[in-house]
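Enquirer: Show me the folded form of this:
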Amino acid sequence: MTTILTQGMIQEAADYIRSKSGVAPKIGLILGSGLGVLADHIEEAVSIAYKDIPYFPQSTVEGHAGELLIGTVQGTPVVLMKGRFHMYEGYGPELTAFPVRVMKALGVAKLLVTNAAGGINTSYKPGDLMLISDHINMTGRNPLVGPNDAEQGPRFPDMSEAYNRKLREIAKQVAKEKEVPLQEGVYVGLLGPSYETPAEIRMFRTLGADAVGMSTVSEVIVARHAGIEVLGISCISNMAAGILDQPLSHEEVIETTDRVREKFLNLVLGIIPKL
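Expert: Down below sits the predicted model:
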């Protein structure tokens, strides 16, 4: 069942956040499993628990802290989600992407989404960073199902450039300057929470996917619906099922993201001031 999120609900959540901080964020940041370390680099940060924000869901996944931070990164005003929501937690896609609506109401024009993903492209290895060039929505769900509020965006939003080309070029340039190796590929988003079977991974590779995960697509669809430009980065935390002869675990995801922390920080902190 689709939850109808009205403009009034969005505004109420945004007004609550504004009451806690005078910063007017221009960039939104959504951090995936194990990637919350960026939060430590926000200056003069105000932290707000998700449970205190009107209509916000709660994050229940290990590696997702469940708090919103507002402050600046090298002088750039940002709002950061330390932990996100997933459909496999029982939330509809419109609820997992509700914070993006709130970010828009706060004045956010650009969104940087990150995630931990399984590598499908066999030239990748755990610890690689992948710039998302496009995505394939295999969740079977879309956050825009239901009545459309024209104040929030058009009935049929264009997704031909879901991940902004100019922002991707900025990311590539920063990666080159900082000597951070950067892959580029297509992310396929699934519902989860079970990991994929080897047969499913072979199918996704045939479809053109380079990495697989259980988040991001709903947030990006809503961002584009709202007119927000998007940049996406995946941390390849493990190779997907069947590529290596070993089982998959969430512990491995967290271990890998911990290992690439400095590389990830170096890249993202270089990108944010240039967005």
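
Enquirer: Low-confidence stretches in the stretch 1-150 of the chain?
Expert: Scanning the stretch 1-150 of the chain for pLDDT under 70 picks out the ranges 1-2, 60-65.

Enquirer: just the strands in it please.
Expert: 27-31, 43-49, 67-73, 76-82, 110-119, 129-137 (DSSP state E, counting those that start in this stretch).

Enquirer: May I see those strands organised as a markdown table, with mean neighbour count and distance to residue 58 added?
Expert: In short, each C-beta sits where N, CA and C put it, glycine included. Listed next are those as a markdown table, based on neighbours: other C-beta atoms under 10 Å; distance: least, C-beta to C-beta, whole Å:
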| stretch | mean neighbour count | distance to residue 58 |
| --- | --- | --- |
| strand 27-31 | 26 | 16 |
| strand 43-49 | 14 | 9 |
| strand 67-73 | 21 | 11 |
| strand 76-82 | 23 | 13 |
| strand 110-119 | 26 | 19 |
| strand 129-137 | 21 | 24 |
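
Enquirer: quick one, which of the ones you listed is nearest to residue 200?
Expert: Closest to residue 200 of the strands of the stretch 1-150 of the chain is strand 110-119 (C-beta to C-beta; 10.9 Å).

Enquirer: that older thread, pipe the strands of the stretch 1-150 of the chain into a markdown table and attach distance to residue 211 per row.
Expert: Compiled in a markdown table, the strands of the stretch 1-150 of the chain are given as follows (distance: least, C-beta to C-beta, whole Å):
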| stretch | distance to residue 211 |
| --- | --- |
| strand 27-31 | 17 |
| strand 43-49 | 30 |
| strand 67-73 | 26 |
| strand 76-82 | 21 |
| strand 110-119 | 4 |
| strand 129-137 | 6 |
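
Enquirer: So for residue 251, which of those sits nearest?
Expert: Across the strands of the stretch 1-150 of the chain, closest to residue 251 is strand 110-119 (C-beta to C-beta), at 11.9 Å.

Enquirer: Mind listing the strands the closest one pairs with, and their directions?
Expert: strand 27-31 (parallel), strand 211-213 (antiparallel), strand 229-239 (parallel) (DSSP bridges).

Enquirer: From the chain's centre, how far out is the longest one? Work that out for me.
Expert: Looking back up the chat, that one is strand 229-239. On the basis of C-alpha atoms, centre = their mean, to the nearest Å, strand 229-239 sits 8 Å off its chain's mean C-alpha point.

Enquirer: could you give the mean pLDDT of it?
Expert: Taken as a whole, strand 229-239 carries a mean pLDDT of 93.

Enquirer: Taking their axis directions, that strand and strand 129-137 sit at what angle?
Expert: 100 degrees (axes from the mean of the first three to the mean of the last three C-alpha atoms, to 10 degrees).

Enquirer: Dump strand 229-239 to PDB, keeping only the CA atoms.
Expert: Listed next in PDB are the C-alpha coordinates belonging to strand 229-239 (Å, rounded to 0.1, in the frame of the first residue of the first chain):
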ATOM      1  CA  GLU A 229      20.800  16.600  -9.800                       C
ATOM      2  CA  VAL A 230      22.400  13.300  -8.600                       C
ATOM      3  CA  LEU A 231      25.900  11.900  -8.300                       C
ATOM      4  CA  GLY A 232      26.200   8.300  -7.100                       C
ATOM      5  CA  ILE A 233      29.200   6.300  -5.800                       C
ATOM      6  CA  SER A 234      29.300   2.600  -4.900                       C
ATOM      7  CA  CYS A 235      31.900   1.000  -2.700                       C
ATOM      8  CA  ILE A 236      32.400  -2.600  -4.100                       C
ATOM      9  CA  SER A 237      32.300  -4.300  -0.700                       C
ATOM     10  CA  ASN A 238      32.300  -7.900  -2.000                       C
ATOM     11  CA  MET A 239      32.000  -9.900  -5.200                       C
END
